[in-house]
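Student: Pasting a predicted model and its sequence here:
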Amino acid sequence: MPTYEYICTECQTKFEVFATVNEKEKGIKPECPNCHSKKTVQVFGNILVMGGGSKNGGFVSGCGPSSGPGCCG
Ligand SMILES: [Zn+2]
């Protein structure tokens, strides 16, 4: 069963969702395991599927693994 990576737009929690292709095609709207928000978007690799990035192509800065150590201060 494939897994899909999602991120919560409320609290930026990343989580994985198990779903069959069938379920995925119907459209799944997983709930954030942290804050139980339904405002979740799928992540494809390192690319966030979110519109509106004007400066740097929509890359979301943060404390992810690609941001390097110590970025949180
Ligand atoms: Zn959340």
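Tutor: Received the coordinates, thanks.

Student: pLDDT on stretch 21-31, on average?
Tutor: For stretch 21-31, the mean per-residue pLDDT is 89.

Student: who touches that stretch?
Tutor: 2, 4, 6, 15, 17, 19, 37-38, 40 (CB atoms under 8 Å, 6 or more residues apart in numbering). For glycine as for every other residue, the C-beta is placed from the backbone atoms N, C-alpha and C.

Student: again, only this time at 7 Å
Tutor: Residues from elsewhere that reach stretch 21-31, judged by CB atoms under 7 Å, 6 or more residues apart in numbering: 2, 4, 6, 17, 19, 38, 40.

Student: Checking my notes, the second one in a strand, right?
Tutor: Right, Y4. Yes: counting by DSSP: H, G, I helix; E, B strand; the rest coil, Y4 is located in a strand.

Student: follow-up on the earlier one: can I have the buried ones of the contacts of stretch 21-31 as a ChimeraX selection?
Tutor: Only the buried entries of the contacts of stretch 21-31 go into this ChimeraX selection, using 16 or more other CB atoms under 10 Å:
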select :4,6,17,40
